[in-house]
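In: Need coordinates for the below:
(chains A, B and C)
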Amino acid sequence: MDALTLKDAFFWVFAVLTVGFAAMVTFHPSLVHAALGLMGTLVSVGCLYGLLDADFVAVTQVVVYVGGVVILFLFGVFLTRRIEEVRVTNRTVNWVVAVPAGLVLFAVILYALLSSAIPQAPVEATGPTTAGIGDAFLSRYLLPFEVISVVLLAVLLGALLMARREVKPEERG
Amino acid sequence: MEGAIHAAREVPAGYLFLIPLFPLVGFALNATVGATLQKRLGRGAVHGIALATVFASLAVAARAIWEVVSHDDAVVLTQTLWPWIGFQWKGLSLSLPFAFAVDRLTAVMLFVVTFVGSLIHVFSTGYMQDEKPYWRFFAFMNLFMFAMLVLVMGDSFLMMFVGWEGVGLCSYLLISYYYEEPDKAAAGMKAFVVNRIGDFAFIAGMALLLWALVGTWQDGRFVADAGSQAPTLVFREIEARLHDDAFREAFLAKTAWGVPVVTLSCVLFFFGACGKSAQIPLYVWLPDAMAGPTPVSALIHAATMVTAGVYMVARLNFLYVHSQTAMTVVAVVGALTALFAATIGFFQTDIKKVLAYSTVSQLGYMFVGVGVGAFSAGIFHLMTHAFFKACLFLGSGSIIYALHHRQDLKDMGGLRRVLPATYWTFLAATVAIAGIPGTSGFFSKDEILWRAFDNGQTLVSGEVIWLFGVVAAMFTAFYMTRLAALTFFGTPRADEHTLHHAKEYKRMTIPLWVLGGLALVGGVVGVPQALGGSNRFEHFLEPVFAWSGERLVWLSEEGGGHGAGLHSHAGEVVLMAVAVGLAVAGILAAVRIYRTYRSPEDEARLYGAGIHRVIFHKYFVDEGYWAGVVRPFLALTRAAGAFDKFVIDGVVNLCGHATKVTAWINGGIDRVFVDGTVNALATATIEAGQRVRRLQTGRLQAYVTGIIVGLSGLAVLVYALGRG
Amino acid sequence: MHVTLTHFLVLAAALFVLGLINLATRRNAIGVLLGVELILNAANINLVAFSRYGIGGIEGHAFAVMVIALAAAETVVALAIVLAIFHHYRTVDVDEVSRMKE
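Out: Residues are numbered from 1 along each chain as shown, chains lettered A, B, ... in the order given. Reported below is the predicted structural model:
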């Protein structure tokens, strides 16, 4: 058995954190805690990206996901629940079926992974990836890139349209 | 000589398309943004566009005319814009370009249309100034100019037909300009429907000619001539082919339903011309067309559109000269119309109606001219008529405007002092139309009458046609004098207030002065040789009609005609003297009778109640058409409707009932046997559905759980099987 | 035992299954969305890990970034819908918002 390198140690730490926070997202009865769990998961995954030498993705993960999406979720939670209700559990009996089924699925995937020939050694790290990603986006993947910008614009407008509160006449002014 | 005639040199002229394009642009602008412009910038913007485009068109036309005139030989300016129509049938391929051509005949028409059209546009800015939909008027006027220019410049039958239909449309739109008034809308409809009858004949003639040029019908089937050329509808090509002796002989020998094709198609074309140019029997729409604004009457229903039929016959001179029958029909119908319409003019009380019948009558003269082979005389009269009749109509417009849109003669009288410019110009035009020596109408009318008398090819003797014409001339002088007398002389019958406020605008009087002047002196271009002139107009048009003229002489010598006439200048002068004498007599009689105002009742007493009644009601022709054509037609439609209702519907209903009975029996069988089975199945399905329904909870979680379970199961299965 | 690609893939699988279970069990619409985010992250880990271990080049990273962008977009839209539903039904319980069933 090889010595545990620092990198390996990091992996195990963050892997445990990721799964632990993910479990919290899934199983914690409070929605606020679930959302905070998601934040933890996302940060941990971000660290894993760093471990995989994916600097740009890691930063994006933290900035966009943790800084944006999770905050959005928290807002969503608070906007749609009165505070006193936030802790109210909202479990369903489905988990009796879903959890075993999920475990079976995980087992199958695990089995599949372990029985497949997967390259085990990482290639040489290529250094900062930002330039490469930029090149890819502005050359081969220009079209997807543009499509995504259009999607983002549409989302912006669509979200505004849907979430805007209808102004009732008596509320005006 | 033959060689000179053939050499109608084609000169490409790349600017021809601009002539109709400008008014089209004006129409497009006013039709789209005219209403906005009128609201934002006022009427000036609207007529600014309309006038600018019409005058631009006039300028380009002037250049084209100049180019035609400046060549000593006969040239045809041509411009082919794009290939237009092409199709193949039985190995014959027809291809027609969208092309314009301007020869000397077209040049005359171009001058009349653009020049008189521009003046009338100017007049309209005054006459129409109080109208709300001002932009609509000018948009349609511009569209009319476009269509009319396409008509006269078109290189082929089809191009001409496009313009022909276009002017018909504009005529309809402008007659019904006040479409909120039912009788005016109805007048537009009448014009349109009557014109359609003529148009149908036009199309029929065109189709007949198209195929007759390249083949024959045998036992109801079309057989192309051996070695025939491609079919064509281009005027110049048809004429060039007819110049070929062998081709002409073969063509003239062709018959359809036992009638020579050339006669049949010419008569059909003439029937089309009857519709547009208001000849018997299709003249009835023109008097009603006076429902439109007066400038419209002047432009469309006097000066330009209604002369399209005359232009067409003149354009087709190379066809008409080969059919004595057709030419006789044209001349006789023209002569009859000239006399007939002139008599109706006697007792009309509406100033515009008098002028309308006068127009019908004058158009009859033009047809006499082209019908007796005096094509250039017919066109000459077309031009002079455009001057004096436009002047008369615009003058009546000026009167009507001053009298707040009253146009009955009983409200007029004594307007001489109130409307001096109108008075003088109206008088000039009246003198011209009456044929007083020296005026434009005198030269053109007498040219026609003389040529009618002298002609040797109509089947009816020329003297008879001449007699009709000369009597009509006397009547014309009579009713025009009556009109002038009742309008301008005597004591005013309009109220003080109206007379006090009546005034003439500059933009209305300037066109009047120009047209009135031309009505007086415009004839100098066609002073006949008998009076020491050189008839420059006829010489100018000679290249167009020279070949037909030769053919005509040849035909009348061949026989069939009744022989030649006087052929001398002395004879011509004598006939002129007779005509002038009769005209003066008509004028003097009218002056004598209408020294004082005569109401319709007075006139009835004066001329005899019976005659007055018949003429006053226009020989009951409209009533006759109503009883003889319109009502039977409506009855036919109603009968067809009734047939539909009772017979066809009966059969249908019977079928329906039969079906119902059968269905009922069928239904019984269904209910007992089939339904039993079906119901059992349905019940079973519902039961099953009720049970299965519980699976469909509509809950998202349930679905996702189902997906997970299914996915897991599938994955297990795949790996289990994959290993095994 | 050195960390290999398999380790990351197993981690991603775990994340995926947890997200799936979350989807199946949460009644709150926002909770469901949290599950979706987990699944997307699982996919992203796969993409980046494969890229690091020599399968595919920089594309893995590029698409991971795209997925993040799309996930953010999806979240925004979904939350907007949730808010609209909340305005309408005064609840975000997906069990109660099942009118489409009828």
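
In: next SSE after the helix or strand hosting residue B:678?
Out: Using DSSP states H and E, residue B:678 falls within helix B:675-693. Scanning forward in sequence from helix B:675-693 by DSSP H and E, the next helix or strand is helix B:700-723.

In: I'd like to know which elements that following helix is packed against.
Out: Where contact means 3 or more CB pairs under 8 Å, 6 or more residues apart in numbering or on different chains; DSSP states H and E, helix B:700-723 is packed against helix A:95-115, helix C:5-25. C-beta here means a position set from N, CA and C on the backbone, and glycine is covered the same way.

In: Mind checking if the last one is in reach of chain B?
Out: Yes: using CB under 8 Å from any CB of the partner chain, we find that helix C:5-25 touches chain B at C:20, C:21, C:23, C:24, C:25.

In: Next one: the last one, what pLDDT does it get?
Out: I take that to be residue C:25. Looking at residue C:25, its pLDDT is 80.

In: That one reaches residue A:101, doesn't it?
Out: No: applying CB atoms under 8 Å as the test, residue C:25 and residue A:101 come out as separate, 11.2 Å apart.

In: List the contacts of the lowest-mean-pLDDT helix or strand in chain A.
Out: In chain A, the helix or strand scored least confidently by mean pLDDT, DSSP states H and E is helix A:70-80, which has a mean of 79. Residues outside helix A:70-80 that contact it (CB atoms under 8 Å, 6 or more residues apart in numbering or on different chains): A:31-32, A:35, A:38-39, A:42, A:86, C:29-30, C:33-34, C:75-76, C:79, C:82-83, C:86, C:92.

In: coming back round to it: by neighbour count, which of the residues of helix C:5-25 next to chain B wins?
Out: residue C:21 (30 neighbours; other CB atoms under 10 Å in any protein chain shown).

In: Tell me the spacing between the nearest residue to that residue once chain neighbours are set aside and residue B:716.
Out: Nearest-residue entry for residue C:21: residue A:102, 4.3 Å, with adjacent residues in sequence omitted and distances by CB to CB, 6 or more residues apart in numbering or on different chains. Distance from residue A:102 to residue B:716, counting by CB to CB, to the nearest Å: 13 Å.

In: Neighbour count for those two, which is higher?
Out: More crowded of residue A:102 and residue B:716, by other CB under 10 Å: residue A:102, with 28 against 15.

In: check contacts around the more buried one.
Out: Contact partners of residue A:102, counting by CB under 8 Å, 6+ apart, are B:708, B:712, C:17, C:18, C:20, C:21, C:24.

In: hang on, the earlier thing: per-residue pLDDT, the residue nearest to residue C:21?
Out: What the model reports as pLDDT for residue A:102 is 85.

In: In space, not sequence, find me the middle residue of the chain.
Out: Here I'm looking at chain A. Centroid check for chain A by CA atoms, centre = their mean gives residue A:42 as the closest residue, at 5.0 Å.

In: not what I meant, chain B
Out: Nearest residue to the geometric centre of chain B (CA atoms, centre = their mean): residue B:276, 3.8 Å.

In: what's near enough to touch that residue?
Out: Contacts of residue B:276 (CB under 8 Å, 6+ apart): B:164, B:167, B:168, B:195, B:198, B:305, B:306, B:308, B:309, B:312.

In: got it, and residue B:471?
Out: By CB under 8 Å, 6+ apart, the residues touching residue B:471 are B:339, B:582.

In: which SSE is it in?
Out: Under the criterion of DSSP H and E, residue B:471 resides in helix B:462-488.

In: Please state the offset of that helix from the chain centre?
Out: Distance, stretch centre to chain centre, for helix B:462-488: 25 Å (CA atoms, centre = their mean, to the nearest Å).

In: List the buried residues for that helix?
Out: B:462, B:465-488 (16 or more other CB atoms under 10 Å in any protein chain shown).

In: Which SSE is immediately downstream of that helix?
Out: helix B:496-501.

In: Show me the contact partners of that following helix.
Out: Looking at what lies outside helix B:496-501 - CB under 8 Å, 6+ apart - the contacts are B:402, B:403, B:404, B:418, B:492.

In: Wasn't the third one part of a strand?
Out: Right, residue B:404. No: assigned with DSSP: H, G, I helix; E, B strand; the rest coil, residue B:404 falls outside any strand and is coil.

In: what's the burial count for it?
Out: Residue B:404 is flanked by 13 other residues according to other CB under 10 Å.

In: Count the neighbours of the closest residue to it other than its chain neighbours for me.
Out: Among residues not flanking residue B:404 along the chain, residue B:498 sits closest, at 6.3 Å (CB to CB, 6+ apart). For residue B:498, the count of nearby residues is 15 (other CB under 10 Å).

In: Find the closest residue to chain C in chain A.
Out: Nearest residue of chain A to chain C (CB to the nearest CB) works out as residue A:98 at 3.6 Å.

In: How about the contacts made by that residue?
Out: Residue A:98 is in contact with B:701, B:704, B:705, B:708, C:20, C:21, C:24, C:25, counting by CB under 8 Å, 6+ apart.

In: and the two most separated of these?
Out: Farthest pair in those (CB to CB) is B:701 and C:20. Separation: 11.5 Å.

In: mind listing the helices for chain C?
Out: C:5-25, C:29-52, C:59-89 (DSSP state H).

In: near chain A, which residues of chain B?
Out: For chain B, the residues in contact with chain A (CB under 8 Å from any CB) are B:701, B:702, B:704, B:705, B:708, B:709, B:711, B:712, B:715, B:716, B:719.

In: Would you show me how to pick out the buried ones of those residues in PyMOL?
Out: To isolate in PyMOL the members of the residues of chain B next to chain A that are buried, counting by 16+ other CB under 10 Å, one can use:
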select buried, chain B and resi 701+702+704+705+708+709+711+712+715+719
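
In: Pick out the lowest-pLDDT one from the residues of chain B next to chain A.
Out: Among the residues of chain B next to chain A, residue B:701 carries the lowest pLDDT, at 68.

In: Pull the number of nearby residues for residue 111.
Out: In the absence of a named chain, this looks at chain A. Residues within reach of residue A:111, counting by other CB under 10 Å, total 14.

In: was after chain B, sorry
Out: 17.

In: For it, what is the enclosing helix or strand?
Out: helix B:104-111.

In: Please list the outside residues in contact with that helix.
Out: Residues from elsewhere that reach helix B:104-111, judged by CB under 8 Å, 6+ apart: B:19, B:61, B:64-65, B:68-69, B:74, B:102, B:149, B:152-153, B:311, B:314-315, B:379, B:382-383, B:540-541, B:543-544.

In: wait, which of the helices of chain C is closest to residue B:526?
Out: With CB to CB as the yardstick, what comes closest out of those is helix C:59-89 (84.7 Å).

In: quick check: angle from that closest one to helix C:29-52?
Out: Helix C:59-89 runs at 180 degrees relative to helix C:29-52, counting by axes from the mean of the first three to the mean of the last three CA atoms, to 10 degrees.

In: helices or strands up against helix C:59-89?
Out: helix A:55-60, helix A:70-80, helix A:130-138, helix A:142-163, helix C:29-52.

In: Show me how chain A divides into domains.
Out: If you go by automatic domain parsing, the domain ranges for chain A are A:1-87, A:129-166.
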